[in-house]
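A.B. asks: show me how the following folds:
(one chain, ligands or ions: 1)
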Amino acid sequence: MGRRAKNKQGPPAPLHDPEAPAFDSSKRSRTAKKLRAAAAAAAAAKDNKRKRATTDQAETTAQDTTKVNKKSKKQAPAKVVAKDGEDLWDNAEMGSDDNDDDDEDLLDDEFDMDEMDQDSDNAIFPKADTDFLGSDDESVEEAGEEDSELDSDEDLDQFEGTLDEKKSRQIEARKAKLAAMAQAELEDAALQTNIADQDGERFELPEGEEETLLADISGVNDRIKEVVSVLNDFKNLRDPSRSRQDYVDRLLKDIAHYYGYSDFLCEKLFNLFPVSEAIEFFEANEVPRPVTIRANTLRTRRRDLAQALINRGVNLDPIGKWSKVGLQIFDSNVPIGATPEYLAGHYMLQAASSFLPVMALAPQPNERVLDMASAPGGKTTYIAALQKNTGMVFANDASKDRLKSLVANIHRMGVKNAVVCNYDGREFPKVLGGFDRVLLDAPCSGTGVISKDQSVKLNKTESDFIDIPRLQKELILSAIDSVDAKSKTGGFIVYSTCSVTVEENESVVDYALRKRPNVKLVSTTLDFGREGFVSYRGKNFHPTLKMTRRFYPHVHNMDGFYVAKFKKLSNKFEDKKDDKEVSDNEDEDEQAESEEETGFNDEEDQELIKESKTKLLKKKGIKV
Ligand SMILES: C[S@@+](CC[C@H](N)C(=O)[O-])C[C@H]1O[C@@H](n2cnc3c(N)ncnc32)[C@H](O)[C@@H]1O
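C.D. replies: Okay, here's the model as predicted:
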């Protein structure tokens, strides 16, 4: 575990604006205010204080027509039904197939944190205001003094103005004072760094025993900042006797040590981003992501669930504009994984990023859907909910053990249209084919979920990034081959991973496009997320890879994730007896290129499939 991991930060920013930086301190302080206000209410009111506080708040909001008009009629926080009877938390997904149509309405359903905070501070924390004034008294007085000095320089006539004028002058003076203080602070900070300043002092790359260099962890942290500064303005700040690579090598060693990564993984992840952003990514992996839940529309509506949980003392908010079923939990008096609502299957504890592949898949009622790697069922149960328990979802997983929790979740969540099966995904479509849609939420290295599983930092080796993509490539071809291109409502395949590496994402998707010309990439319909890479470190991918989506902890405040959506254009390609061979013979150059880029070829592939099938049979006790 990295040294930083022990020093976790406070609650992460809410997920309201997916493109907003994850660590927006203003948001965090607003959330903190909200939490403090709720806590104060709890102390003051003995019974169900949080509910009362939010209800009061809602009523205030509902009565304040100016505010309501300014934002939205439906903004009353946590009061579930507004005065006009509109349903603030209604779950648009319940009773609707498509997740796009009601977006505009839903936007209005979101809380306005700013307003809520202001009001809650006033209503619940009257003392806080006094305190604030009190703590500021000194500066107000000083500002007053400055004012008198100014007065003496002015013609008295000017001071026959109103009290308002005087007040505004005081405010101006205070602002100026604060600005001066901020400037002084900045200058102070500049003094503390030894990067090139006016005297030409530069940061010098240290030399010596690596052990000594890494001994002082705060020194390592300072050096990371210094080297990042140099790399960001290399021309001006570099030591001319050192190359860029010298600085990068130092930085990688320091990052790996400071955050606790293997050198190998550190470099792999570092290479994904510009220098400063890479540090943000590593930092974000030290902070837990927000706790989020998904309302199970087979059992409840989000607004009802929210009200039930608020009544139990859970502080929550809608997850963001992009989901109609997600709630973000800020804090709770009760364990979120053991409430009566949880046990009754009203919600799934589910990471926000994990909603995305299912939203991209957009399963429809009455369809036949395959969830190829489904355990423990977070996505299967969401698929079933979107299908409203009609049609069928085939929930497959190669791990019998993991299927136990899948089955438990299916029962708890009231899913009735699922068929659970235990095959190696590569056996599809021989097991069953002709699906309307297939989700392949592939087994992966987990580099997107390091904040949850710090062991990834050390336990992933170079061979993992050969073996895992190889399996992913085999699985994606099976997923494509399992879909019926003639499906009247579907013909889609979604590929997702909770990894951020290119080998497991764009490389796999690009490989599928080359191996299966009967599919094309289409929009994921997710309206946020970064575009997939079309080229990476000298490798070029199909230009449509741009349509795939990347999600990052430091950008979106959710687990690192990747989503690609394919449309199958025809079944013809797979009708050929051994389509792999045909495609290889058709274009040997392409195959050579493919081997070079992917480190994967079909002969090896066949060998591996054979091997793993033999292993599987042996495991099942069948003699081979
Ligand atoms: C990322 S997890 C799936 C999470 C799941 N979709 C969910 O939302 O709860 C990947 C899954 O792939 C399964 N798996 C690994 N190799 C497989 C294979 N060859 N065929 C099918 N499933 C496989 C693992 O057992 C694991 O449950």
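A.B. asks: contacts and neighbour counts: CA atoms only from here.
C.D. replies: OK.
A.B. asks: what kind of secondary structure is residue 356 in?
C.D. replies: helix (DSSP: H, G, I helix; E, B strand; the rest coil).
A.B. asks: I'd assumed residue 526 was in contact with it.
C.D. replies: Yes - contact criterion Cα atoms under 8 Å: residue 356 and residue 526 qualify, at 7.4 Å.
A.B. asks: in terms of neighbours, single out the busier of the two.
C.D. replies: residue 356 (23 against 15; other Cα atoms under 10 Å).
A.B. asks: quick one, what contacts the more buried one?
C.D. replies: If you count contacts by Cα atoms under 8 Å, 6 or more residues apart in numbering, residue 356 has them with 526, 563.
A.B. asks: state the distance from it to residue 559.
C.D. replies: 11 Å (Cα to Cα, to the nearest Å).
A.B. asks: with residue 425 instead?
C.D. replies: Distance from residue 425 to residue 559, by Cα to Cα: 25 Å.
A.B. asks: these two: which is more packed in?
C.D. replies: residue 559 (30 against 24).
A.B. asks: so is that one in a helix, a strand, or just coil?
C.D. replies: Residue 559 - assigned by three-state DSSP - is coil.
A.B. asks: now do the contacts for it.
C.D. replies: 289, 351, 352, 353, 448, 449, 498, 551, 552, 553.
A.B. asks: give me the pLDDT value at the last one.
C.D. replies: Yep, that's residue 553 we're talking about. Note on residue 553: pLDDT of 98.
A.B. asks: so it sits against residue 285, correct?
C.D. replies: Yes - using Cα under 8 Å, residue 553 is in contact with residue 285, at 7.1 Å.
A.B. asks: who in the chain is up against the ligand?
C.D. replies: The chain comes close to the ligand at residues 372-379, 397-399, 424-425, 441-443, as judged by Cα under 6 Å from any ligand atom.
A.B. asks: those residues: which two are farthest apart?
C.D. replies: 378 and 424 (19.3 Å; Cα to Cα).
A.B. asks: tell me which element the closest residue to residue 447 other than its chain neighbours falls in.
C.D. replies: Spatially, and ignoring its direct neighbours in sequence, residue 447 is nearest to residue 499 (4.5 Å; Cα to Cα, 6 or more residues apart in numbering). In this structure, residue 499 sits in neither a helix nor a strand according to DSSP states H and E.
A.B. asks: is it correct that residue 499 is in contact with residue 443?
C.D. replies: No - between residue 499 and residue 443 no contact is recorded; they are 9.4 Å apart, counting by Cα under 8 Å.
A.B. asks: who has more neighbours out of these two?
C.D. replies: Taking neighbours as other Cα under 10 Å, residue 499 and residue 443 compare with residue 499 leading, 25 against 18.
A.B. asks: contact partners for that one?
C.D. replies: Here residue 499 is in contact with 444, 445, 446, 447, 448, 449, 505, 560, 561, 562 (criterion: Cα under 8 Å, 6+ apart).
A.B. asks: other SSEs contacting the helix or strand hosting residue 246?
C.D. replies: Under the criterion of DSSP H and E, residue 246 resides in helix 244-259. Judged by 3 or more Cα pairs under 8 Å, 6 or more residues apart in numbering; DSSP states H and E, the packing partners of helix 244-259 are helix 217-232, helix 263-270.
A.B. asks: mind running it again at 10 Å?
C.D. replies: With contacts defined as 3 or more Cα pairs under 10 Å, 6 or more residues apart in numbering; DSSP states H and E, helix 244-259 has these neighbours: helix 210-215, helix 217-232, helix 234-237, helix 263-270, helix 275-284, helix 456-459.
A.B. asks: reformat these as CSV; add mean neighbour count.
C.D. replies: Converted to CSV, the helices and strands packed on helix 244-259 look like this (neighbours: other Cα atoms under 10 Å):
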stretch, mean neighbour count
helix 210-215, 12
helix 217-232, 18
helix 234-237, 15
helix 263-270, 18
helix 275-284, 18
helix 456-459, 18
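A.B. asks: okay, those helices in JSON lines with mean pLDDT and distance to residue 343 next?
C.D. replies: Formatted as JSON lines, the helices and strands packed on helix 244-259 follow (pLDDT from 0 to 100; distance: least, Cα to Cα, whole Å):
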{"stretch": "helix 210-215", "mean pLDDT": "81", "distance to residue 343": "49"}
{"stretch": "helix 217-232", "mean pLDDT": "93", "distance to residue 343": "45"}
{"stretch": "helix 234-237", "mean pLDDT": "93", "distance to residue 343": "57"}
{"stretch": "helix 263-270", "mean pLDDT": "98", "distance to residue 343": "39"}
{"stretch": "helix 275-284", "mean pLDDT": "98", "distance to residue 343": "32"}
{"stretch": "helix 456-459", "mean pLDDT": "98", "distance to residue 343": "31"}
